[in-house]
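Participant: take this sequence and fold it.
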Amino acid sequence: MFTALRRASNRLSARLIHPRAPKAGTLTLTRKRIYILPTRAGLLYAVVLVAMLVGAINYDLALGHALVFLLASLALVSMVHTHKNLQNLSLRAQESPPVHAGEMASFHFLVHAPEARPALEWSVAQEDVPMLPSPPPQIQHLPADTEAHLYLNVAAPRRGWLTLPRLRVGTRYPLGLFYAWSYPWPAARCLIYPRALFSPLPPGQPFGAGGTGPSKEGDEDFAGLRERQNADSPRHIAWKAAARDGGERPLLVKLFAGGAQEELWLDWAATEWLADDVETRLSYLTGWVLSAEDAGCAYGLRLPDANFAPAHGMGHQRRCLEALALTGLADRGSAA
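Facilitator: You can find the predicted model right below:
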């Protein structure tokens, strides 16, 4: 019965009091946004105090009355400290790294309080995501007047933008007789890439056969060095030359010649024989992008609503995966 009462109180406070949309910027918990109820231990404590008071009255024990009132005042003081443990707590959302569907998205926050706040319990509000598994509350001990990092994991079942659900922060400090909680809801979202399914890469084409890249760089004979560009793979960096320069000059990249480098086109139409539904085809394209980047070859991407010229590097991979994540979705906001 007590559990049902607290769940009903949580739903009522979350739906009627708090805003129904996330807010940007820094959120600060004021006393009007903090709620408190006795725990099971607190109710048992109250029952014991009542029994002690009845015994003291029945046997006319002055010391018994003093002990009951002392313990009752201790409970009231602990209630004040439990409520104050959340007051003036500030929360600010940071950028969250993308993950693939089926993984756990990690939302990053900076938490600050003017005084030390021990035993904070952070979790995702269960009433907002009833169909998704939620990890147990994360316990945080916040130092005084210091910004602490907080990472909360939320299940990411599908691709696209995952908006941060409403959070719940609670505390039972110091005695566990009362539980205080609040529902901060900072504006944050995480981009979810499609689930990666791996299959053999499609055959490549020599540069010039429908491609746009140069035909002089290959992968057989060393041809010299040039300054590194953002799209260059880290595996081609001349680390020995960088060590000799002591980090005072830009990184250099090895050039190769003597072979015909191939470009790889990852085409939406080429996935028809792999699957019929859109999500599975996007998953195979995602696997191709990851495999092509690992192989260090130049690859392009053709989608129904976007095309990317052949290139390689982490920046090119990120752009391709973002396009795959947002293909066919109404919300195509930038991940930057």
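Participant: contacts, neighbours, all on C-alpha from now
Facilitator: Noted.
Participant: how about residues contacting the lengthiest helix in the chain?
Facilitator: Longest helix of the chain, by residue count under DSSP state H: helix 62-84. Contacts to helix 62-84, defined as CA atoms under 8 Å, 6 or more residues apart in numbering, come from residues 31, 34-36, 49, 52-53, 55-57, 171-175, 177-180.
Participant: what of stretch 189-199?
Facilitator: 95-102, 105, 107, 156, 158-164, 279-280, 282-288, 291, 321-322, 324-325, 335.
Participant: ends of that stretch, what's the gap?
Facilitator: With CA to CA, to the nearest Å applied, stretch 189-199 spans 30 Å between its terminal residues.
Participant: on that earlier part again, quick one, which of the contacts of helix 62-84 are buried?
Facilitator: 34-36, 49, 52-53, 56, 171-174, 177-180 (16 or more other CA atoms under 10 Å).
Participant: narrow those residues to those in strands?
Facilitator: 35-36, 171, 178-180 (DSSP state E).
Participant: hmm, back to that, can you give me the buried ones in the longest helix of the chain?
Facilitator: By 16+ other CA under 10 Å, the buried positions in helix 62-84 come out as 64-65, 67-68, 72, 75, 78-79, 81-84.
Participant: hang on, residue 325 is in a helix, isn't it?
Facilitator: Yes. Counting by DSSP: H, G, I helix; E, B strand; the rest coil, residue 325 is part of a helix.
Participant: wait, doesn't it sit right on residue 159?
Facilitator: Yes. With contact defined as CA atoms under 8 Å, residue 325 counts as touching residue 159 (5.5 Å).
Participant: and the helices in the stretch 1-150 of the chain?
Facilitator: Remark: helices assigned in the stretch 1-150 of the chain by DSSP state H, counting those that start in this stretch are 2-12, 40-59, 62-84.
Participant: output the ones you listed as a markdown table; include the columns mean pLDDT.
Facilitator: Formatted as a markdown table, the helices of the stretch 1-150 of the chain follow (pLDDT from 0 to 100):
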| stretch | mean pLDDT |
| --- | --- |
| helix 2-12 | 58 |
| helix 40-59 | 94 |
| helix 62-84 | 95 |
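Participant: and of those helices, who's closest to residue 147?
Facilitator: Nearest to residue 147, of all the helices of the stretch 1-150 of the chain, is helix 62-84, at 18.4 Å by CA to CA.
Participant: let's see that closest one as PDB, backbone CA atoms only.
Facilitator: Provided in PDB are the C-alpha atoms of helix 62-84 (Å, rounded to 0.1, in the frame of the first residue of the first chain):
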ATOM      1  CA  ALA A  62       9.100  10.900  32.900                       C
ATOM      2  CA  LEU A  63      12.200   9.600  31.300                       C
ATOM      3  CA  GLY A  64      10.200   7.600  28.800                       C
ATOM      4  CA  HIS A  65       8.400  10.800  27.800                       C
ATOM      5  CA  ALA A  66      11.800  12.600  27.400                       C
ATOM      6  CA  LEU A  67      13.200   9.700  25.300                       C
ATOM      7  CA  VAL A  68      10.200   9.700  23.000                       C
ATOM      8  CA  PHE A  69      10.300  13.400  22.400                       C
ATOM      9  CA  LEU A  70      14.000  13.300  21.900                       C
ATOM     10  CA  LEU A  71      13.700  10.700  19.200                       C
ATOM     11  CA  ALA A  72      10.800  12.500  17.600                       C
ATOM     12  CA  SER A  73      12.800  15.700  17.400                       C
ATOM     13  CA  LEU A  74      15.700  13.800  15.900                       C
ATOM     14  CA  ALA A  75      13.300  12.500  13.200                       C
ATOM     15  CA  LEU A  76      12.100  16.100  12.500                       C
ATOM     16  CA  VAL A  77      15.600  17.400  12.200                       C
ATOM     17  CA  SER A  78      16.500  14.600   9.800                       C
ATOM     18  CA  MET A  79      13.500  15.500   7.700                       C
ATOM     19  CA  VAL A  80      14.800  19.000   7.300                       C
ATOM     20  CA  HIS A  81      18.300  17.800   6.300                       C
ATOM     21  CA  THR A  82      16.800  15.400   3.800                       C
ATOM     22  CA  HIS A  83      14.900  18.200   2.100                       C
ATOM     23  CA  LYS A  84      17.900  20.600   2.200                       C
END
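Participant: return the distance of residue 56 relative to residue 287.
Facilitator: 74 Å.
Participant: report the distance from the longest helix of the chain to the chain centre.
Facilitator: Centroid separation between helix 62-84 and its chain, computed with CA atoms, centre = their mean, to the nearest Å, is 41 Å.
Participant: between helix 40-59 and it, find me the angle.
Facilitator: Angle, helix 62-84 to helix 40-59, by axes from the mean of the first three to the mean of the last three CA atoms, to 10 degrees: 160 degrees.
Participant: which regions of this structure sit below the pLDDT cut-off?
Facilitator: 1-20, 126-135, 204-236, 239-249, 253-262, 331-336 (pLDDT under 70).
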